[in-house]
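*Asks:* Fold the stuff below for me.
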Amino acid sequence: MPKDLDKVDREIVRLVSAQGRISHEEIARRVHVSRPAVHERVKRLERDGVIRGYRAVVDWTAVDLGVCAFVSVQADHAELGKVLDRMFETATPEAMVEECHRVTGQWCALLKVRAATTAALQQLLDDIMAIDGVRQVITTIVLTSTEATQRT
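*Replies:* Predicted structure coming up:
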């Protein structure tokens, strides 16, 4: 974030990131400034690239992708860029890579994946392992999740 963000700007960013459709009226109430002031601040945060967009929070079970897992990927360093580019190409109607993060440490990437079933997850993992340059994966299946939108 730019250094010139004050406490109110940072709180607006926190609220919008937790609830993308929160009204300016509600933000104003929570940060104790007027609605027009919130509107101007949000527009400035968008213009400055601090707020880059808004997205839907999906009920993955409703779209039959209720199995969530995190996959740590170890890949050949020389192939890493190509490996990361190919991660999203492994998607099928039954399984997909939702997020791909390059990380430090023993593992090169951390994936958040969604699948309809554990069998679909297994096929996705097989497809990931088939990518040239992937050496190893370790998978952790998510049992439950709590998101910031549930805590605000």
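*Asks:* Quick one, grab the pLDDT at residue 151.
*Replies:* If you check residue 151, the pLDDT there is 51.
*Asks:* residues in contact with the helix or strand containing residue 125?
*Replies:* Element membership of residue 125, judged by DSSP states H and E, is helix 118-129. Applying C-beta atoms under 8 Å, 6 or more residues apart in numbering, the contact partners of helix 118-129 are 67, 69, 71, 73, 87, 90, 92, 94-97, 111, 113, 115, 134, 137, 139, 141. For every residue, glycine as well, the C-beta is placed using N, CA and C.
*Asks:* continuing past that helix, what's the next helix or strand?
*Replies:* Downstream of helix 118-129, the first helix or strand assigned by DSSP H and E is strand 134-141.
*Asks:* in its sheet, what does that next one sit against?
*Replies:* Sheet partners assigned to strand 134-141 using DSSP bridges are listed as strand 67-75 (antiparallel).
*Asks:* low pLDDT regions in the protein?
*Replies:* Across the chain, the ranges flagged by pLDDT under 70 are 1-3, 148-152.
*Asks:* circling back to that earlier point, what are the buried residues along the helix holding residue 125?
*Replies:* For helix 118-129, a neighbour-count test (16 or more other C-beta atoms under 10 Å) marks 120-121, 123-125, 127-128 as buried.
*Asks:* Please apply the same query to stretch 78-96.
*Replies:* In terms of neighbour count (16+ other C-beta under 10 Å), stretch 78-96 has its buried residues at 79-80, 83-84, 86-87, 90, 94-96.
*Asks:* on that earlier part again, then the helix holding residue 125 to PDB, C-alphas only?
*Replies:* The C-alpha trace of helix 118-129 is given here as PDB (Å, rounded to 0.1, in the frame of the first residue of the first chain):
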ATOM      1  CA  THR A 118     -11.400 -37.100  -4.100                       C
ATOM      2  CA  ALA A 119     -11.100 -39.100  -7.300                       C
ATOM      3  CA  ALA A 120     -11.200 -35.900  -9.300                       C
ATOM      4  CA  LEU A 121      -8.600 -34.400  -7.000                       C
ATOM      5  CA  GLN A 122      -6.400 -37.500  -7.600                       C
ATOM      6  CA  GLN A 123      -6.700 -37.000 -11.400                       C
ATOM      7  CA  LEU A 124      -5.800 -33.300 -11.000                       C
ATOM      8  CA  LEU A 125      -2.700 -34.300  -8.900                       C
ATOM      9  CA  ASP A 126      -1.800 -36.900 -11.600                       C
ATOM     10  CA  ASP A 127      -2.100 -34.100 -14.300                       C
ATOM     11  CA  ILE A 128       0.100 -31.800 -12.200                       C
ATOM     12  CA  MET A 129       2.700 -34.500 -11.700                       C
END
